[in-house]
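Visitor: fold the stuff below for me.
(chains A, B, C, D, E and F)
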There are 6 protein chains.
Amino acid sequence: MSIGNGARARGDGRLPAQLRPISVELDVQKWAAASVIFREGDTHVLCAATIEDRIPPHLRGKGTGWVTAEYSMLPGATSERSQRESTRGKIGGRTHEIQRLIGRSLRGVVDTAVLGERTVTLDCDVLQADGGTRCASITGSWIALSLALRRIGLERAVTAQLAAVSVGVVAGAPVLDLDYAEDSHAEVDFNVVATSSGAYVEVQGTAEGKPFTRARMDELLTLADGGIAQLFAVQRDALGGPRR
Amino acid sequence: MSIGNGARARGDGRLPAQLRPISVELDVQKWAAASVIFREGDTHVLCAATIEDRIPPHLRGKGTGWVTAEYSMLPGATSERSQRESTRGKIGGRTHEIQRLIGRSLRGVVDTAVLGERTVTLDCDVLQADGGTRCASITGSWIALSLALRRIGLERAVTAQLAAVSVGVVAGAPVLDLDYAEDSHAEVDFNVVATSSGAYVEVQGTAEGKPFTRARMDELLTLADGGIAQLFAVQRDALGGPRR
Amino acid sequence: MSIGNGARARGDGRLPAQLRPISVELDVQKWAAASVIFREGDTHVLCAATIEDRIPPHLRGKGTGWVTAEYSMLPGATSERSQRESTRGKIGGRTHEIQRLIGRSLRGVVDTAVLGERTVTLDCDVLQADGGTRCASITGSWIALSLALRRIGLERAVTAQLAAVSVGVVAGAPVLDLDYAEDSHAEVDFNVVATSSGAYVEVQGTAEGKPFTRARMDELLTLADGGIAQLFAVQRDALGGPRR
Amino acid sequence: MSIGNGARARGDGRLPAQLRPISVELDVQKWAAASVIFREGDTHVLCAATIEDRIPPHLRGKGTGWVTAEYSMLPGATSERSQRESTRGKIGGRTHEIQRLIGRSLRGVVDTAVLGERTVTLDCDVLQADGGTRCASITGSWIALSLALRRIGLERAVTAQLAAVSVGVVAGAPVLDLDYAEDSHAEVDFNVVATSSGAYVEVQGTAEGKPFTRARMDELLTLADGGIAQLFAVQRDALGGPRR
Amino acid sequence: MSIGNGARARGDGRLPAQLRPISVELDVQKWAAASVIFREGDTHVLCAATIEDRIPPHLRGKGTGWVTAEYSMLPGATSERSQRESTRGKIGGRTHEIQRLIGRSLRGVVDTAVLGERTVTLDCDVLQADGGTRCASITGSWIALSLALRRIGLERAVTAQLAAVSVGVVAGAPVLDLDYAEDSHAEVDFNVVATSSGAYVEVQGTAEGKPFTRARMDELLTLADGGIAQLFAVQRDALGGPRR
Amino acid sequence: MSIGNGARARGDGRLPAQLRPISVELDVQKWAAASVIFREGDTHVLCAATIEDRIPPHLRGKGTGWVTAEYSMLPGATSERSQRESTRGKIGGRTHEIQRLIGRSLRGVVDTAVLGERTVTLDCDVLQADGGTRCASITGSWIALSLALRRIGLERAVTAQLAAVSVGVVAGAPVLDLDYAEDSHAEVDFNVVATSSGAYVEVQGTAEGKPFTRARMDELLTLADGGIAQLFAVQRDALGGPRR
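Guide: Residues are numbered from 1 along each chain as shown, chains lettered A, B, ... in the order given. Modelled structure (predicted):
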């Protein structure tokens, strides 16, 4: 795949292999064990870690811990107000799918034996949405998780960095980190979650409209690898900065 | 009530009649009609206004609009993580009570005939809680509501400013704008919602443990009046600043 | 406020400061610890007390008890049949608000240490509604509560009498104990809960349409004080009568 | 079956074929189309009829009406307080079964073509329970239904009287109109719903512990027939008395 | 009742007293304690028994067991797709009524003291529906229950055979084992549950449109007795066949 | 990857690249538009297609149709009885995730413009579960969908065959079509959904315990491609056989 000089610019002027601007704001909530507002372009997610001395029933007596996540979108985060799931009285399928993905991904880089009989909950609340909220939730949650565990002396329970990015095919061309407008017109849409050890913990690819070949998938994964390497650098920067 | 030189300082060093530091951050959500993070000490509430061209069934055909509110607390807002109401599958009594209060208060300063057949929804999401979240939601929502209506040329539907503050009796003495630690030990607790026309739209006083006299109530309302006057000044400042 | 000779009679012929006719019927349910039908004009509420040897989890081991309330309206109580909340699958905001008020008010006159590790539940079922159901529920519940505790030798856990009344401004004039027709057109609406020690446990005032001044509020509280004194006399009569 | 001289008296002194004392109190709710408190011994049910000019979707455009029922037990009606189904968030199986039975039975004596496009809802709220609440609900509801239809000039939509009674085998002997203590120890339990035309609309017999023969069933039905004839007389008395 | 030479054939050619063709397929689910597909004409029900070493709270410490049932209809079982009750978020009244009937009937032929502190759950899932699903569920569940208990050496906890059949009056004539088309037009509809000891455990008769006499009921029960005797033979055949 | 002579046999004796035995039983439900029991080893799924002349609100007036799916597991399908989601009152996250996957996959091979304003619902009810139920649901649903559309003359709305298979890494080695025992110990787990045009519509890979490399992913996809080719042959066989 060529993402060189001849590549057509995207709606917001980015090159195909370019991430949106990223920023990280630490400790936005005074009482959470750690909290982060992770901004990726116009997608802003508040990721908060809570550590509790309890574990789910099925893990009791095994000496291991648990990492789980919840995901929600504030009603004003989208261009049309979305109804609260608390008001509807139930959590929708999309929310279930996303929060299961976040939790599963994070557990892929946590040694639950080192964690001990503790549950870490990552609350991902989308303040503003412009595509890629599940990936931003994962990348931001890893920062909150690491910071929270460092503060109780359990940083070694985190075995690697973890970040996620979307890649897709828009107007026939592969692009990195789709915003909402691109996502709405994507022919193929991948969410890739990878660790700093150079391997994947989740790859979810979906054809929206037309199926994709193995070659196309390879192109997209290469594009994702590049984005994830940059996200790892952002994470290291964020955690290396001043502590509270 | 003396709040003069001899008054004992409070836990955070404030005088009895002193508000916590207030700040207002406008337009924190790109797609909401207007949004505000209203900070009153360590209580931070995101208030977002949405305007929709629909009205509840019982108002159809009357040519008038509606103003309503929803209130929610992010799980990481409190020192112990609170369970999401979407996960519990229903909204609790406290949430119902608060969002009904916010909506009713705001309707007290909106001329729904001028509003026309529109619904304005104020979403109040508590990012960080340290007491007084319902009052901060009302004061912040009024800013978001005014800004949203100004943007569609309907500022005149807002008939007055509206602000709210808590007052209470802590360790035997009346204090303004209680934080969580004070609220937990208050003997009497009032929420006062008033307009810039010098009158009240809601007064809710509760004895926590021991009943209160009419004289005590008068003292508390005087204290509240002073706080509310300051909040009106903050609101005017916020709306007079630069627009997006 | 003059409620003297010149005062205009109300829809049902009452003077502004006149309560509706009150009656109390004791022990209408054979198995409840105590039960009362409290009638205030055409508002009829069945208040039943149950005493159980259990307490909510957060109170365990503290040696203190709990008082709580539930409120419901029979479908046929109103002029248009109201849907059952059991059929709708959830309790509405208004019901939540009312039952929290009843419980909180009653706890204001109960010494939970004397009560010991017991829960008293007051079930308030509105048989017929004509305004003021929450106030009638409080006044009636206090009778059922006192009677139930007397029967197990714990009358001393009740520290004072408790009664509630509504007051409001209708057609520009303050009136006591609003019926439904008056309540629907009230400009200001207060619910006042007071003890026989001469102090308030709850004051909830709401402007319906136009804000109210401190002076107006004083007038209304004076009117309420008069009504509550009469309700205390009714309560004493009811409890001094023949026992089962 | 001999219920003659040698028959052993029951717990409350009744003979095997004797009903509990019955009383009917009309128009206990001011706004309901008609309402009745039907008392059968210590079982007291408030039956209220509401008539609405709407019909369920599946009946629209057929020119016929509908009769339905809802059943609920007040928490204080039983010796141990029962939890409200509104609080539990759903209606239990027993309630569903009972309210379906009441509605189906009443529809058996209503000519829905005469009724026209109206829905009559019978709300049966058990104020006090001592066995036989579903039968008392049916017998009482028929009175409320007839009265409500008479008031709008549609009495002819009611094609016959309808009453219900329980019969069962207790300590080896058939008895009529079981109270709660008898019901708890019954070996066989029947609910019989019949019309004044001398036929049944519902017969529900259940063996509690041991199966029953055809001969036993015949004995029980004969016993039920006798009770139902008396209930018809009570109904006629109630409706022949003074009207509001 | 004459079901002799002159009898008119039914829609599917059956005689009035003729059952639909019955077949039993054992052990259709590898992991269930026992499972059966019971087919009665075009009504096909999968009945699966599960045995668990736990009992409901109210039975603890009494040394006795419990038998319960759940009933559900697959969406594709009927000519119009029926919505899943899991999707609707609650179980309907008809389902509650049916599963309570199945459980109660089975408990009529189980000695729970012999069963010991175990719960047997019978899951009845209707694969294809053509009337009589509740009766087929009972007859099939008895086979699954017996087989499951035999496999753990507790066959003696089953005190008798149990089967159920519907009878009704269609076009003025009594018929056995109604299919859906007949059931839709039946004037009277009975479900009869009986044991091999020659007695009934449940008799539920409903007039659909016009009441029924005692004589009619006798005719119908006689018809049911004949059908049930045949069902007992089918059950014995099924259990006498080859075991897994 | 070598799956040749040296390969170690699996628990059930299969070679690494070998599918479990597959069978297809058509038209198991008389009233569904089409229905299939799809068996893959001990995993048995009943897939039923229903066609309705309605579409979801957001598609109205566009002339296009919709394909959706629901998924459920019978309680007796697993070695420990699973609680019904209808009884729990809500659908769990896993079910949501699976039924969204099935629907999305099928829509990948349906031309909704050809379908017209119709909704096809695929109900996947797992009769017996031994791993791979979501893949079996997709492969079986495609057969039911094709058959149902052929019967109404719309077979051309199906643009390609669609099948799904799981692949994973067990004990360090890649294997095709995991059963439950293998799935429980898999280090990596992929679900691959592909069309007969040689491309993918969904690829979902999850690391269970340790991340996977791009090379490993390639191996697994090659394995999946082989399995899917065989499943396409089974589908063609099933649809080429005798029609009802």
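
Visitor: phi first, then psi, for the residue in chain A positioned nearest to chain C.
Guide: Residue nearest to chain C within chain A: A:G89 (7.0 Å; C-beta to the nearest C-beta). In short, each C-beta sits where N, CA and C put it, glycine included. Backbone torsions for A:G89, taken as degrees, to the nearest 10, come to phi 90, psi 0.

Visitor: neighbours around it, how many?
Guide: By other C-beta atoms under 10 Å in any protein chain shown, the residues close to A:G89 number 19.

Visitor: what sits up against stretch A:227-244?
Guide: The contact list for stretch A:227-244 (C-beta atoms under 8 Å, 6 or more residues apart in numbering or on different chains) reads A:17, A:19, A:22, A:24, A:26-27, A:36, A:139, A:142-143, A:146-147, A:150, A:161, A:163-165, A:167, A:176-177, A:192, A:194, A:196.

Visitor: give me the buried subset of those.
Guide: A:17, A:19, A:22, A:24, A:26, A:36, A:139, A:142-143, A:146-147, A:150, A:161, A:163-165, A:167, A:176-177, A:192, A:194, A:196 (16 or more other C-beta atoms under 10 Å in any protein chain shown).

Visitor: quick one: is the worst-scoring helix or strand of chain A on mean pLDDT near chain D?
Guide: Ranked by mean pLDDT, DSSP states H and E, the weakest helix or strand in chain A is helix A:85-88, scoring a mean of 84. No. Counting by C-beta under 8 Å from any C-beta of the partner chain, no contacts exist between helix A:85-88 and chain D, the nearest distance being 14.2 Å.

Visitor: pull out the buried positions in that helix.
Guide: A:85-86.

Visitor: again, but for stretch A:47-62
Guide: Those would be A:47-51, A:55, for stretch A:47-62 by 16+ other C-beta under 10 Å.

Visitor: for stretch A:215-227, same thing?
Guide: The neighbour-count check on stretch A:215-227 (16+ other C-beta under 10 Å) flags A:216-217, A:219-221, A:223-225, A:227 as buried.

Visitor: name the nearest residue to the spatially most central residue of chain A, ignoring sequence neighbours.
Guide: For chain A, the residue sitting closest to the mean C-alpha position, by C-alpha atoms, centre = their mean, is A:I138 at 2.3 Å. Excluding the flanking residues, the one nearest A:I138 by C-beta to C-beta, 6 or more residues apart in numbering or on different chains is A:A164, at 3.9 Å.

Visitor: confirm for me that the one you found is in contact with A:C135.
Guide: Yes. Between A:A164 and A:C135 there is a contact under C-beta atoms under 8 Å: 3.9 Å.

Visitor: who touches both of these two?
Guide: A:191, A:193.

Visitor: hmm, back to that, so who does the residue nearest to the centre of chain A touch?
Guide: By C-beta under 8 Å, 6+ apart, the neighbours of A:I138 are A:101-102, A:105-106, A:162-164, A:193.

Visitor: one more time with 10 Å, if that's ok
Guide: Shown in contact with A:I138 (C-beta atoms under 10 Å, 6 or more residues apart in numbering or on different chains): A:38, A:45, A:47, A:69, A:98, A:101-106, A:122, A:124, A:162-165, A:191, A:193, A:201-202, A:231.

Visitor: got it, and A:T159?
Guide: A:108-111, A:114, A:195-197, F:210-211.

Visitor: out of the residues you listed, which end up buried?
Guide: If we count by 16+ other C-beta under 10 Å, the contacts of A:T159 have these buried: A:108-110, A:195-196, F:211.

Visitor: which of those fall in strands?
Guide: Among the buried ones among the contacts of A:T159, the members falling in strands (DSSP state E) are A:T195.

Visitor: just for chain A, where's the confidence low?
Guide: The model of chain A has pLDDT under 70 over residues A:1-9, A:241-244.

Visitor: got the contact list for the residue in it positioned nearest to chain D?
Guide: Closest residue of chain A to chain D, C-beta to the nearest C-beta: A:G89 (9.3 Å). Neighbouring residues of A:G89 by C-beta under 10 Å, 6+ apart: B:85-86, B:88-91, C:89-90, D:89, E:89, F:89-90.

Visitor: ok, A:C47 next?
Guide: With the criterion set at C-beta under 10 Å, 6+ apart, A:C47 makes contact with A:24, A:28, A:32, A:34-38, A:69, A:71, A:102, A:122-125, A:136-145, B:76.

Visitor: what does A:S86 give?
Guide: Listed by C-beta under 10 Å, 6+ apart, the contact set of A:S86 reads A:72, B:70, B:72, B:84-92, B:95.

Visitor: let me have those in a markdown table, extended by distance to E:D130.
Guide: Listed next are the contacts of A:S86 as a markdown table, based on distance: C-beta to C-beta, whole Å:
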| residue | distance to E:D130 |
| --- | --- |
| A:S72 | 46 |
| B:E70 | 48 |
| B:S72 | 49 |
| B:R84 | 45 |
| B:E85 | 44 |
| B:S86 | 41 |
| B:T87 | 42 |
| B:R88 | 42 |
| B:G89 | 37 |
| B:K90 | 39 |
| B:I91 | 44 |
| B:G92 | 47 |
| B:T95 | 48 |
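
Visitor: please list the residues of chain A that sit near chain D.
Guide: A:G89 (C-beta under 10 Å from any C-beta of the partner chain).

Visitor: strands along chain A, start to end?
Guide: Using DSSP E, strands in chain A cover A:22-26, A:34-40, A:43-52, A:66-73, A:119-128, A:162-170, A:173-176, A:186-195, A:200-207.

Visitor: just send those back as JSON lines, with distance to B:L239 too.
Guide: Listed next are the strands of chain A as JSON lines, based on distance: least, C-beta to C-beta, whole Å:
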{"stretch": "strand A:22-26", "distance to B:L239": "26"}
{"stretch": "strand A:34-40", "distance to B:L239": "25"}
{"stretch": "strand A:43-52", "distance to B:L239": "24"}
{"stretch": "strand A:66-73", "distance to B:L239": "28"}
{"stretch": "strand A:119-128", "distance to B:L239": "22"}
{"stretch": "strand A:162-170", "distance to B:L239": "38"}
{"stretch": "strand A:173-176", "distance to B:L239": "40"}
{"stretch": "strand A:186-195", "distance to B:L239": "40"}
{"stretch": "strand A:200-207", "distance to B:L239": "45"}
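
Visitor: between those, which one is nearest to C:K62?
Guide: Among these, strand A:43-52 comes nearest to C:K62, with 23.2 Å by C-beta to C-beta.

Visitor: from the buried residues of stretch A:215-227, which land in helices?
Guide: A:216-217, A:219-221, A:223-225, A:227 (DSSP state H).

Visitor: widest-spaced pair of those?
Guide: Within these, A:R216 and A:G227 form the most distant pair, 17.0 Å apart (C-beta to C-beta).

Visitor: quick one: contacts for the nearest residue to A:G65 once chain neighbours are set aside?
Guide: Spatial nearest neighbour of A:G65, chain neighbours left out: A:L115 (3.2 Å); criterion: C-beta to C-beta, 6+ apart. Contact analysis of A:L115 by C-beta under 10 Å, 6+ apart lists A:51, A:55, A:63-67, A:149, A:154, A:156-158.

Visitor: again with A:E40
Guide: A:19-24, A:130-133, A:135-136, A:139-140, A:165-166, A:177, A:179, A:231, A:234.

Visitor: filter the residues you listed down to the buried ones and hand me the ChimeraX line.
Guide: Those of the contacts of A:E40 that count as buried under 16+ other C-beta under 10 Å are selected in ChimeraX with:
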select /A:19,20,22,24,130,131,132,133,135,136,139,140,165,166,177,179,231,234
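
Visitor: what is the nearest of the buried ones among the contacts of A:T159 to chain E?
Guide: Looking across those and measuring by C-beta to the nearest C-beta, the closest to chain E is A:G108, at 30.6 Å.

Visitor: with adjacent residues omitted, what lies nearest to that closest one?
Guide: Per C-beta to C-beta, 6+ apart, closest to A:G108 is A:V201, 3.7 Å.
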